[in-house]
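A.B. asks: model the following, please.
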Amino acid sequence: MRILFTGGGTGGHFYPIIAIAEALNKIVDEEKILKSELYYMSTEPYDKQALFENNIKFVQVNAGKLRIYPSIKNITDMFKTATGCMEAIFKIFALYPDVVFGKGGFASFPALFAAKILRIPVVIHESDSAPGRVNKWASKFAKRIAISFPEAIDSFPKNKTAWTGQPVRRDIARGVKEGAHEYFGFDQNIPVILILGGSQGAQKINNALIDALPALLPNFQIIHQVGPKNLEDITQTANVIIANNEFKKRYKPIGFLNPLGIKMAAGAANIVVSRAGSTIFEIAGWGVPAIIIPFDKSNGDHSRKNAYTYARSGAGEVIEETNLSPNLLVAEIEKLVGDSVKIEAMKKAALSFARPDAANTIAREIINIALKHEQ
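C.D. replies: Sure, this is the predicted structure:
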C-alpha cells in the first residue's frame, strides 16, 4: 500500500499531513494491515526530521505560485508549474501510489494534476472556512473531501464531503501543566500570555507586542514565538525597550517552539494570541482562551472567516489587524484575564470546538480507498 501526500510549503499544510501519517502508521501497525510506503511530494521537505520520524520519503517537484496581486512572477511561475506537472507525472507513474492525499497550496498542484491524469484516487483536506484555489479545483475529481470548518461544506460537493476537523500531531495535541512554568523560568502565580504568529512569525503582531511590553510585564509573563528569521531583531529591540524594566525576565522571545516547547507553553498559558490559521485547532485542543488576529488580506478572506467562526463558538475574541495597536492588545488581554467567568466559559467552548479524532478519521478513509485500489 503506497500513499503519496502533497501540500504547500507552510506549517499549516505540512504538519496536518504529519498528523495523518502518524495515525496511518498506528492503524497499519495495530491492525497488521499490509506494509505501507509513505511519500511526500512538494517543492521542499519543510521538516526533514518529521518526515524521517514517520518513515516518509521526500519526492521533490517544481511548482510556482499564483499570487493574488499583480506580479511578473505570476508569468514566470506558470512555467515552473508546467515543468512541475510533467515531473510529477513521471515520478508518480514510477511510484504509482494507491492514493494521493492533497492538503492544498500551490506546491500540491503538480501531484494532484498527475493523479488526475493517471487516474489515481485523490483525497483532499481543506483547513479554512473558505477553500483555497487548488483544493477547489481538485474537489471536482477527488473521491473524498475532508474539511476543518463546517461552513466550508457549501463550497464542495456535499455527497463526498465530511466535516472531520483539523488533524493535529499527537505530541502537541495537549498541553502539559506539570513543570510548564519551571520550563520557562516563570512564577506560577503570574498569568502567562502565549503569542503565536504562525510558523513564519507575524510582523504586525510582533511589533504591537514589543511596544506593549512596558504595560504588560508588571502583570504578565510572556512567551513570544517570533519566527526564526525575526528572533535576533526582536530580541535586540526588546532589550532596548525593557533594558531598565525590573520585570524584563518575564519576557521570553523564542524563534520557533519545538513540540516539547509547544506542550509546555500550552500548559503554562492563560491566554493565547494567534493568527487565524490551522493553529486555531491546536489552541482549541489545549482548552486555552484565545485572541485571534486574522490577516487583513488573504485568499477568499479565509483568515477573517476562520477567526470569526472560532469567535462565534465562544472560544475566542477577534482583533482586526487594521485595528491592532499596543494599547488595544493590552486592553483586550487585561479584560479577559480579569473576567474569570468568561475565561472558564471560553475554555469549555474551546474543547467543544476541537475534534481530536480528525487525523484518525482521515487516515482510515485513506486506507479504505487504498485497499480497494490495490484489488
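A.B. asks: which helix or which strand is home to Ile124?
C.D. replies: For Ile124, the element it lies in under DSSP states H and E is strand 122-126.
A.B. asks: if you could redo that for Trp137, that was the one I meant.
C.D. replies: helix 133-138.
A.B. asks: averaged pLDDT, the very next helix or strand once past that helix. What do you get?
C.D. replies: Remark: after helix 133-138, the chain's next helix or strand is strand 144-147, criterion DSSP H and E. Mean per-residue pLDDT for strand 144-147: 98.
A.B. asks: who does the strand holding Ile124 touch, helix- and strand-wise?
C.D. replies: strand 99-102, helix 109-118, helix 133-138, strand 144-147, helix 358-374 (3 or more CB pairs under 8 Å, 6 or more residues apart in numbering; DSSP states H and E). Quick note: C-beta positions are derived from backbone N, CA and C, even for glycine.
A.B. asks: what do you get if the cut-off is 6 Å, keeping everything else the same?
C.D. replies: strand 99-102, helix 133-138, strand 144-147 (3 or more CB pairs under 6 Å, 6 or more residues apart in numbering; DSSP states H and E).
A.B. asks: what residues of it count as buried?
C.D. replies: Val122, Val123, Ile124, His125, Glu126 (16 or more other CB atoms under 10 Å).
A.B. asks: so what strands line up beside it?
C.D. replies: For strand 122-126, the pairing partners within the sheet under DSSP bridges are strand 99-102 (parallel), strand 144-147 (parallel).
A.B. asks: just how off-centre is that strand within its chain?
C.D. replies: The chain centroid and the centroid of strand 122-126 are separated by 16 Å under CA atoms, centre = their mean, to the nearest Å.
A.B. asks: same thing with stretch 98-116?
C.D. replies: That offset, for stretch 98-116, works out to 18 Å (CA atoms, centre = their mean).
A.B. asks: contacts for that stretch next, please.
C.D. replies: For stretch 98-116, contacts defined as CB atoms under 6 Å, 6 or more residues apart in numbering pick out 1-9, 13, 17, 41-43, 61, 63, 65, 84-85, 88-89, 92, 120-125, 132, 134-135, 138, 141, 366, 369-370, 373-374.
A.B. asks: what about it, start to end distance?
C.D. replies: 13 Å (CA to CA, to the nearest Å).
A.B. asks: mean confidence for it?
C.D. replies: pLDDT averaged over stretch 98-116 gives 96.
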